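My questions are about this predicted structure, shown below with the sequence.
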Amino acid sequence: MIVDGVNFVEKQVRMMSKKKFIDTHMTCIWQKVAEENRRKKLSDVYDRIACKSVKDADGESADK
């Protein structure tokens with residue numbers, strides 16, 4: 001997933017806890033954004049990636 005020019009590898013993101021994801025990326029991404037806004041943005045990115053439902057071949061949600 002690409003967000004504001006940053007490519008996040010979804011498989012790697014899903015292997016991290018939300019706290020670890022945010023802590024790891026706070027020091028290296030979007031440095032010109034205020035810390036509070038950066039933390040919220042990273043939280044939103046994590047939620048969008050980690051909370052996606054897995055789709056099966058028919059496009060149906062696999063978590064029925």
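That came in fine, so what should we check first?

Give me the distance between V33 and K11.
V33 is 25 Å from K11, where distance means Cβ to Cβ, to the nearest Å. Heads up, the C-betas are built off the backbone N, CA and C, glycines and all.

Give me the more crowded residue out of those two.
V33 (14 against 8; other Cβ atoms under 10 Å).

Who's the closest spatial neighbour of that one, skipping the chain neighbours?
Counting by Cβ to Cβ, 6 or more residues apart in numbering, V33 lies nearest to K41, which is 6.8 Å off, once chain neighbours are set aside.

pLDDT at that neighbour, what is it?
The model reports K41 with a pLDDT of 96.

residues touching D4, list them.
D4 sits next to W30, K41 when contact means Cβ atoms under 8 Å, 6 or more residues apart in numbering.

Give me the neighbour count for C51.
C51: 8 neighbours (other Cβ under 10 Å).

From E10, how far out is it?
C51 is 11 Å from E10, where distance means Cβ to Cβ.

who touches the residue nearest the centre of the chain in this structure?
Closest to where the C-alpha atoms of the chain average out (Cα atoms, centre = their mean) is Y46, at 2.6 Å. Neighbouring residues of Y46 by Cβ under 8 Å, 6+ apart: V13, K18, F21, I22.
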